[in-house]
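Colleague: Okay, here's the prediction I keep looking at, along with the sequence it came from:
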Amino acid sequence: MQHRRFERSMRFLACALVLLCMSCGEDREYAPSNCVRSKPSKGSLKVRCTINAEYPLIPITVYLGDFEEDQVMLRDTVDIPIVLYELPVDEYYSVAAEYRSEEDTLIVLRGARISTMSRDYEDATCWSVLGAEVDCRLP
Amino acid sequence: MPKSTIGVSALAFLLLCGPYPAEGGSEEGVSLRYGGGEPEVAHAFLAESHFQNEDMALGATYRYAAIPDRFFGVFLHFSARPYYDERIEEIRPGFRIMYDEFRYLIAVGIDEDLPLTRHLGVFLGAGAGYTLADYEATSRAPEEGWTPLAQAGLSFRARIDEEALGVVRAGYRYIDLRGDDTNWWYIALGVAF
């Protein structure tokens, strides 16, 4: 029984090694025509919020880092449910959407990171931006 | 005597004094034989989920049969909510903040599977866990801490290999993940070998 288990483990290990070696092959692809060769400096942050008769205008504040760090990147008041902001890449942003009524104030706080990624080709390095999206809609 | 004390005592009694499986011979000293003719197994890996009306978590449990011939074992469990969930905190009267919370649980405990038929059994388990959590976009931390864990339900086992059994479990789990409800449904799918 132990011998059979050992044999199975060895077989599994051999398969894993073969798969690993296959993935180690050299990438000889050339960069596509739409390749962005320099690192982008800005990316998009999409903010969704609830706009209705009770809340026709929503104040939005975007912070660099956590909300408490109080590094305000922008303030805006929106009257549409989706807005896009262009902000520096490779940073984490906190977004506060403020829903004010006569009785109380509800801050919907969300966070996301705008990242970049690159891929090396034979003749160039191509860059792309992974934009961020936060959903500040009311539950 | 409070109901909770009676419940815990009953669970402890069943875990320690529950019936033995139908056929209990062991050559290796630490094994499970669940019903006649099934392979001896000491280890089990389960992919699990506990869920309730508006929340759920996915996780895994490793279980080791610590007492010969019985599936009386110890387990190590990890689970996490696979998404951020909304939590509203009142900062002061009339001012609330809605956060995105991520939460996970690490737990250990003891567990026993009491066979009813060759394939069907009842499982009971108890332990303790620590729940950790994080809010998005803020340095403010959600409540974390210890929680008791208790679980019970039905288990089904069937041979899937010469040396392995497929295991399905479904039942109830009690854990306090600092939400509104501490009662969860529980399902698990795994292999014992």
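Modeller: Yes, it's here.
Colleague: Now do the contacts for the spatially most central residue of chain B.
Modeller: A centroid search over chain B (C-alpha atoms, centre = their mean) returns B:Gln151, at 6.0 Å, as the residue closest to the centre. Counting by C-beta atoms under 8 Å, 6 or more residues apart in numbering or on different chains, B:Gln151 makes contact with B:Asp111, B:Phe123, B:Leu124, B:Gly125, B:Ala126, B:Gly171, B:Tyr172, B:Arg173, B:Tyr174, B:Tyr186. All C-beta atoms are positioned from the backbone trio N, CA, C, and that covers glycine.
Colleague: In terms of helices and strands, where is it?
Modeller: Using DSSP states H and E, B:Gln151 sits in strand B:145-159.
Colleague: what pairs with the helix or strand following that strand, and is each one parallel or antiparallel?
Modeller: Moving toward the C-terminus from strand B:145-159, the next helix or strand (DSSP H and E) is strand B:165-175. Using DSSP bridges, the strands paired with strand B:165-175 in its sheet are strand B:145-159 (antiparallel), strand B:183-192 (antiparallel).
Colleague: For those strands, please prepare a markdown table with the additional fields mean pLDDT.
Modeller: Listed next are the strands paired with strand B:165-175 as a markdown table, based on pLDDT from 0 to 100:
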| stretch | mean pLDDT |
| --- | --- |
| strand B:145-159 | 96 |
| strand B:183-192 | 96 |
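Colleague: possible to save these as CSV with distance to B:Leu132?
Modeller: Shown next, in CSV, are these (distance: least, C-beta to C-beta, whole Å):
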stretch, distance to B:Leu132
strand B:145-159, 9
strand B:183-192, 18
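Colleague: by contact count, what packs against the helix or strand harbouring B:Leu105?
Modeller: For B:Leu105, the host element (DSSP H and E) is strand B:95-115. Contact partners of strand B:95-115 among helices and strands, from 3 or more C-beta pairs under 8 Å, 6 or more residues apart in numbering or on different chains; DSSP states H and E: strand A:105-120, helix B:3-17, strand B:55-65, strand B:72-80, strand B:85-92, strand B:120-135, strand B:145-159.
Colleague: near chain B, which residues of chain A?
Modeller: Contact residues, chain A versus chain B (C-beta under 8 Å from any C-beta of the partner chain): A:1, A:4-5, A:63, A:66-69, A:94-95, A:103-111, A:139.
Colleague: tally of neighbours for the residue of chain B found nearest chain A?
Modeller: Nearest residue of chain B to chain A: B:Ala137, at 3.1 Å (C-beta to the nearest C-beta). When neighbours are defined as other C-beta atoms under 10 Å in any protein chain shown, B:Ala137 has 23 of them.
Colleague: part of a helix, is it?
Modeller: No - using DSSP: H, G, I helix; E, B strand; the rest coil, the assignment for B:Ala137 is coil, not a helix.
Colleague: What residues does it make contact with?
Modeller: Per C-beta under 8 Å, 6+ apart, neighbours of B:Ala137: A:Tyr63, A:Asp66, A:Phe67, A:Ser94, A:Val95, A:Leu109, A:Arg110, A:Gly111, B:Tyr99, B:Asp100.
Colleague: Could I get the contacting residues of A:Val36?
Modeller: A:Cys126, A:Trp127, A:Ser128.
Colleague: Could you pull out the strands in chain A for me?
Modeller: Using DSSP state E, the strands found in chain A span residues A:42-49, A:58-64, A:72-78, A:82-88, A:91-100, A:105-120, A:125-130, A:132-136.
Colleague: and the first one, how far out from the chain's middle?
Modeller: This points to strand A:42-49. 10 Å (C-alpha atoms, centre = their mean, to the nearest Å).
Colleague: That one: which residues count as buried?
Modeller: A:Gly43, A:Leu45, A:Val47, A:Arg48, A:Cys49 (16 or more other C-beta atoms under 10 Å in any protein chain shown).
Colleague: Show me what the third one is bridged to.
Modeller: Pointing back at A:Val47 there. A:Val83, A:Val134.
Colleague: quick one: low-confidence ranges for the chain?
Modeller: Picking chain A for this. A:1-27 (pLDDT under 70).
Colleague: sorry, should have said chain B
Modeller: Ranges of chain B meeting pLDDT under 70: B:1-39, B:68-70.
Colleague: Try it again at 50.
Modeller: B:1-8, B:10-32, B:35 (pLDDT under 50).
Colleague: wait, what's in contact with the closest residue in space to B:Ile97 that isn't next to it in sequence?
Modeller: Nearest-residue entry for B:Ile97: A:Ile107, 4.6 Å, with adjacent residues in sequence omitted and distances by C-beta to C-beta, 6 or more residues apart in numbering or on different chains. By C-beta under 8 Å, 6+ apart, A:Ile107 lies in contact with A:Ala96, A:Ala97, A:Glu98, A:Tyr99, B:Phe95, B:Arg96, B:Ile97, B:Met98.
Colleague: Assess the claim that the last one and A:Asp104 are in contact.
Modeller: Right, B:Met98. No - between B:Met98 and A:Asp104 there is no contact under C-beta atoms under 8 Å: 12.0 Å.
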